[in-house]
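> quick one, structure for this:
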Amino acid sequence: MGKQARPRVLEDSQAKAIGRNIRTSPRKLNLVAQSIRGKSAESALHELTFSPKRVAKVVKKVLQSAIANAENNHDLDVDDLVVSEASVGKNLIMKRFHARARGRGARVEKPFSQITVIVEEKREEEKKPAKKAAPKKKAAATSETKPAAKKKPAAKKSAEVAKEQA
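Here you go, the predicted model:
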């Protein structure tokens, strides 16, 4: 007579991790999240390891947690994981006061934020044919549609123009 289990929100090939109460503004955190969106999990970890931003360490922990969830809870292959989504949101805001002139006070807001990282398993074979096929078709189409026309050098053109004017 327990509570019914909630249905899984994500697809079977996805896993997620959430980092809450991160002591930075969402705007600063989003800069780091932007740098890992769409990258493979391995390259995203390398990016975060060598990032000069302070928040990158926290984001790296969340990404490692998402990778561990994918491996242990959902039996996904770690080598094929891609960061499909890295979303940032607001969290609580600490309100403080800073002493100002003539006995007044100024409000200081210290924002917190949270990040949700979703990793997805994508096979290497699925990605490569789509990218290789498109440029070949494009190159073949452009060479067939445009006729090969010989262009006269600029020096010959100017000589012809001078003869016509004289």
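> what about the strands in this protein?
Listed in chain order, the strands found in the chain under DSSP state E are 14-22, 81-99, 105-121.
> who does the second one touch, helix- and strand-wise?
The helices and strands touching strand 81-99, judged by 3 or more C-beta pairs under 8 Å, 6 or more residues apart in numbering; DSSP states H and E, are strand 14-22, helix 26-36, helix 41-49, helix 56-72, strand 105-121. Every residue, glycine included, has its C-beta placed from N, CA and C.
> so how far is the fourth one from its chain's centroid?
Helix 56-72 has its average C-alpha position 15 Å from the chain's average C-alpha position, going by C-alpha atoms, centre = their mean, to the nearest Å.
> is it possible to get a markdown table of the helices and strands packed on strand 81-99 that adds mean pLDDT?
Shown next, in a markdown table, are these (pLDDT from 0 to 100):
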| stretch | mean pLDDT |
| --- | --- |
| strand 14-22 | 97 |
| helix 26-36 | 97 |
| helix 41-49 | 97 |
| helix 56-72 | 97 |
| strand 105-121 | 97 |
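> quick one on the thing from earlier: want to try JSON lines for the strands of the chain, with distance to Asp75 and mean neighbour count as columns?
Formatted as JSON lines, the strands of the chain follow (distance: least, C-beta to C-beta, whole Å; neighbours: other C-beta atoms under 10 Å):
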{"stretch": "strand 14-22", "distance to Asp75": "10", "mean neighbour count": "18"}
{"stretch": "strand 81-99", "distance to Asp75": "12", "mean neighbour count": "15"}
{"stretch": "strand 105-121", "distance to Asp75": "10", "mean neighbour count": "17"}
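> ok, the residue nearest the centre of the chain - contacts?
For the chain, the residue nearest the mean C-alpha position is Arg37 (1.8 Å; C-alpha atoms, centre = their mean). Going by C-beta atoms under 8 Å, 6 or more residues apart in numbering, Arg37 touches 83, 85-86.
> equivalent analysis for Ser84, please.
14, 38, 118-120.
> 10 Å - rerun?
Residues near Ser84 by C-beta atoms under 10 Å, 6 or more residues apart in numbering: 10-11, 13-14, 16, 37-38, 117-122.
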